[in-house]
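Colleague: Got a sequence here, can you model it:
(chains A and B)
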Amino acid sequence: MENHILSIILFTPLVGAILLLFVPKENKNAIRWIANFFALAGLLVSIPLVPMFWEQRFEPGFKFIEGAPGNWIPSIGAGYVLGIDGISFLLIMLTTLLGWISILSSWTAIENRVKEYYIWFLVLQTGMLGVFMALDFFLFFVFWEAMLVPMYLLIGIWGGPRKLYAAIKFFLYTLAGSVLMLLGILFLYFHHQHVTGVYTFSLQALYDTAPRIYSDYGPHIATLLFLSFFFAFAIKVPMFPFHTWLPDAHVEAPTAGSVILAGVLLKMGTYGFIRFSLPFFPNVLLNPATFMGMTVRGWMIFLSIIGIIYGALVSLMQKDMKKLVAYSSVSHLGFCTLGIFALTPLGLSGSVLQQINHGISTGALFLIVGILYERRHTREIAEYGGISNVMPVYATITMIMFLSSMGLPLLNGFVGEFTILQGTFMENWKWGAWAVPGVVLAAAYLLWLYQRVFFGTVTNPKNEKLNDLTPREVATFVPLLIMAFWIGLYPKPFFQILEQPVNHTIAIVRPDYPLPAVNAAAQAATTVAAPTNVTYTTTPEPSAASAPAKVKGKK
Amino acid sequence: MVWTDYLLALPITLLTLFALGILLIDLMLPREMKWANAVTAMIGVLFSAAGVYKIQMWMGASPGSFGLMRTMLVDRFAIYFWYLFLAGTAVAILMSVRYLETEHENHGEYYSLMLLSVAGMMCMAAGFDIVLIFIGLELMAISTYVLVGFLRRDRRSNEAALKYLLLGAFSSGIFAYGLSLLYGLTGSTNLAVIQQELARHILHSEYKPVAVVALLTTITGLLFKIAAIPFHQWAPDAYEGAPTSITGFMSVAVKAAGWAMLLRILVIGLMPMRPIWVPLLVFVSIATMTGANFAALTQTNTKRLLAYSSIAHVGYMLLGLIAGTATQLSADGIKGILIYLLVYTFMNLGAFAVITSLRHRNVVGDELDDLNGLYSRAPVEAVLMLVFMLSLAGIPPLAGFYGKYFIFLSLIESGHYVLASLGVLYSVFGLYYYLKIANAMFMGQVEKGEEKLPVSLTMRAALGVTALATLYIGILPNRFIELVNWALGIAQNPSIAKLTH
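Modeller: I've put the predicted structure just below:
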């Protein structure tokens, strides 16, 4: 029997959204309860996935596969196929957690058009989960585009003063990237048909044929294809110079929207790089031919480093707290892409972990800004000062989250950044050296912000009577704090989850790269006769039908 | 033999009979009973559809048969379009009932003309003889001229009708000139004979320049009917001035008929001249996408905006004809056009249905500002409009995506990467003006004194049908893709069967 846990996780929020349609809109509290119930349910149904996944963490290939290639639209070969590996597993858990937190945090922040707000939020949740679960390119694309609509409405209806501009810019910018990706997908689709005679969007099938484009069509076509994917993902991440939509969207979005935007949406770009760009176009990345003095990979690294430094410098200069956090995202995501294109196992797993960390820390930072904004309706740094005197609990939580974001040891940010830098140094010490100032600058802009907002005496009389956090607000931070400490103190389980997919990806990109045999003993203990040469599929026939059977057989 | 010859035209005959019947019944109806005309028209459409179904069943697996003394080829292609016209007309009738009452122009001629124009469209889609095609075209066009000017007391409507009539007559003249040259060159009005003669003799003889002139004039007429730039000037004015229900009708049924005729003539009759018409269409298609998308950006009238959007869609559809090699069409491209027309029928009619429902009492409702805050006045209509707009923009999982999908697929398949990139980027461009409508509805402020929008039962039915179709095709498109494969005689992709079993 097939395991439907992924579908259940995927559609729980959507069921909530459909149910909410039938609740009268005057009944705001009922709507809030129902939405929160489904958001929590979305998290709770994803929790059984943790032990189930943990058991199989070293097993090769995608797990919990549902559906078969071509079962959705047989006439074009598109299927409803879901499946996850360690990378998508972590991102899915992050999504369900942040989804619940952001819906919980909206309780008092959203006062008008409550019903629509929660409906769109739950729809957005389903869209994002679908992106991380889809193992069919067509399905992936549908989710990838469909989730733009609720996000656009969230920014456009409940956003700040320039919401219309920000919403349209966000939508157009990201759509422009993704339509080019559609053309790239179609190219892969036809190439697969030329090679095997089968029309399919199945990711597992395309993994086999896509790398051959380089030899079949030559480096130019392959590089163009790489670029068609690159624009979609780079805009989403966003990499410098495609980041200009981000400050607008972040600043104008409602708090919960910013949390999801920073926490999950941006990760779709880095996820795309890892899931598609790396295994599809390894030869393009390793091609020594240069363009304007740099190889393709060199450009990726270059843009990442620029993003790190530029984002941090711009953050330093911000007068608006939310804008500061938004630009810090550009810097942090620069680390993530740097780790990806370092093309080392350490860099890659550090990158994924840092994506999770960024979701936790920056998500929390947006919540922190949102809490002050809800009380004072301004985000100007100059309006504040001495807040730690009136809101001590808030100040403490903020301090921890700032430290986590800037990468202080014992907290999550440190582990991610350190691993990325380590992986990068192993490849080329100069790349690492260029990225290190980003860490220092992060400490500068965050600590300076903290000093201006929280330390000293209360100078602005409006701040004298601010209430400290309510229990509901504390509840939104608790899971994030736990996660920050957990990853900071004991990141080993996370690295174990990432080990198999990361090593597999590196093995595809650089077959000659000596992979460290970490946890070899644990691997031998858990898996029964694991194949030594790990591949997703080696034959054109999809392993979809066989994989779940294999999983079951091992229990 | 003789009987089936005429029976194949049964759906057309039925429509004509009902059209004449409405004229007679209308005389006897008192003023407050005029809605009965709509019922009659609807029954006519249903009877005609039943006739089409009978023919489809009778044909079975055969590829098609000739009728009306070999002037008409009833094949799956024709049947597909017949269904499409009838579906579009049925929705347009639903949209019209309340609208005509509000406009105080509730006359039976309206429905009668509508049915007659559908009869003309059916001749265009099934015509295999340029004379029949031309007669069908004129029947459709003349009925539509009158319908555009149906609001006699409205100056915009009169102006639109006059403009449409003058330009339409002019283009029909050019078209007829091209057809007559073709007849003169090949000695036949039959499309298959024209194709053979062109391929065998004419194009290798000293008459080739004449054939090129014939092609140019014919194609001008065809492009005028589907409103491609630079022959689009009539469309924004006619769309804006016409009764909104007729604008919807024109933008889907009339346009689909134009496409059916264009496909018949270019793909059958003038196929040997493909190397000549492809570069022409490349130019026209780029011009159409560019011009229409830019012009739509600045529009403040919703109907005009949608007119330019419909011109832009023609630009994308033309790409489907370009796909393929110099002498060979791409099957996916034609498939893309047929699917595009199918999804376009529903999503565009839906959009016009929403605009039509804004017309009540003294509010005209076709300015972009009239949509402001629609969400608070009519939440269901606003959400449906959002669905239609996103579908027009081609966002999955909505029907409109699949139209664009197959067009771009065919371009990639045949290696037209630049055209494909241009097309997708213009479709992003298009999203901007569709979002303008969404912005007005969801983020605009309601002006004081605007109460809930009354939406009639028939209008709800029209909205329901179009919205359901847009969503259903979007989420489960397989059946419709197979329908189009059937219409084009493409067997189901055999390699897929290999994959799943």
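
Colleague: Where does the prediction get shaky in chain B?
Modeller: Within chain B, the set of residues satisfying pLDDT under 70 comprises B:1-2, B:361-362, B:447-450, B:490-501.

Colleague: and if you look at the stretch 201-350 of chain A?
Modeller: Judged by pLDDT under 70, no stretch of the stretch 201-350 of chain A qualifies at all.

Colleague: Let me see the ranges of the helices in it.
Modeller: A:203-209, A:213-217, A:219-236, A:245-252, A:255-260, A:266-272, A:278-280, A:282-286, A:296-316, A:321-341, A:345-376 (DSSP state H, counting those that start in this stretch).

Colleague: can those helices go into CSV with extra columns for distance to residue B:114?
Modeller: Using the backbone N, CA and C atoms, a C-beta is placed for each residue, glycine as well. Listed next are these as CSV, based on distance: least, C-beta to C-beta, whole Å:
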stretch, distance to residue B:114
helix A:203-209, 49
helix A:213-217, 52
helix A:219-236, 45
helix A:245-252, 46
helix A:255-260, 47
helix A:266-272, 48
helix A:278-280, 52
helix A:282-286, 57
helix A:296-316, 58
helix A:321-341, 55
helix A:345-376, 56
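
Colleague: could those go into CSV alongside distance to residue A:428 and mean neighbour count?
Modeller: Listed next are the helices of the stretch 201-350 of chain A as CSV, based on distance: least, C-beta to C-beta, whole Å; neighbours: other C-beta atoms under 10 Å in any protein chain shown:
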stretch, distance to residue A:428, mean neighbour count
helix A:203-209, 28, 23
helix A:213-217, 23, 16
helix A:219-236, 21, 21
helix A:245-252, 28, 24
helix A:255-260, 35, 28
helix A:266-272, 20, 24
helix A:278-280, 18, 22
helix A:282-286, 14, 19
helix A:296-316, 8, 22
helix A:321-341, 11, 27
helix A:345-376, 11, 26
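
Colleague: Can I get stretch B:338-357 in CSV, CA atoms only?
Modeller: Extracted in CSV, the C-alpha atoms of stretch B:338-357 (Å, rounded to 0.1, in the frame of the first residue of the first chain):
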residue,chain,number,x,y,z
LEU,B,338,-7.4,24.6,-30.8
ILE,B,339,-6.9,24.3,-27.0
TYR,B,340,-6.2,28.0,-26.8
LEU,B,341,-9.5,28.8,-28.5
LEU,B,342,-11.3,26.3,-26.2
VAL,B,343,-10.0,27.8,-22.9
TYR,B,344,-10.2,31.3,-24.3
THR,B,345,-13.9,30.9,-25.0
PHE,B,346,-14.6,30.2,-21.3
MET,B,347,-12.2,32.5,-19.6
ASN,B,348,-12.9,35.5,-21.8
LEU,B,349,-16.7,35.0,-21.8
GLY,B,350,-16.4,34.8,-18.0
ALA,B,351,-14.6,38.1,-17.8
PHE,B,352,-17.1,39.8,-20.0
ALA,B,353,-19.9,38.2,-18.0
VAL,B,354,-18.6,40.0,-14.9
ILE,B,355,-18.3,43.3,-16.7
THR,B,356,-21.8,42.8,-18.1
SER,B,357,-23.1,42.3,-14.6
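
Colleague: What are the neighbouring residues in contact with the single nearest residue of the stretch 301-450 of chain B relative to chain A?
Modeller: The stretch 301-450 of chain B approaches chain A most closely through residue B:424 (3.8 Å), counting by C-beta to the nearest C-beta. Residues in contact with residue B:424 (C-beta atoms under 8 Å, 6 or more residues apart in numbering or on different chains) are A:179, A:180, A:182, A:183, B:404, B:408.

Colleague: which element is it on?
Modeller: Element membership of residue B:424, judged by DSSP states H and E, is helix B:417-443.

Colleague: right, and the helix or strand after that helix?
Modeller: Scanning forward in sequence from helix B:417-443 by DSSP H and E, the next helix or strand is helix B:457-475.

Colleague: right, and the helices of the stretch 201-350 of chain A - which one's nearest residue A:173?
Modeller: Closest of these to residue A:173 is helix A:245-252, at 4.2 Å (criterion: C-beta to C-beta).

Colleague: Alpha carbons only: can I get that closest one in PDB?
Modeller: Output in PDB follows, covering the C-alpha atoms of helix A:245-252 (Å, rounded to 0.1, in the frame of the first residue of the first chain):
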ATOM      1  CA  TRP A 245      12.000  43.200  -5.500                       C
ATOM      2  CA  LEU A 246      12.800  41.800  -2.100                       C
ATOM      3  CA  PRO A 247      13.100  45.000   0.100                       C
ATOM      4  CA  ASP A 248       9.800  46.300  -1.300                       C
ATOM      5  CA  ALA A 249       8.000  43.100  -0.900                       C
ATOM      6  CA  HIS A 250       9.300  42.500   2.600                       C
ATOM      7  CA  VAL A 251       8.800  46.000   3.900                       C
ATOM      8  CA  GLU A 252       5.200  46.200   2.600                       C
END
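
Colleague: Residue A:388 touches residue A:452, doesn't it?
Modeller: No - contact criterion C-beta atoms under 8 Å: residue A:388 and residue A:452 do not qualify, at 11.7 Å.
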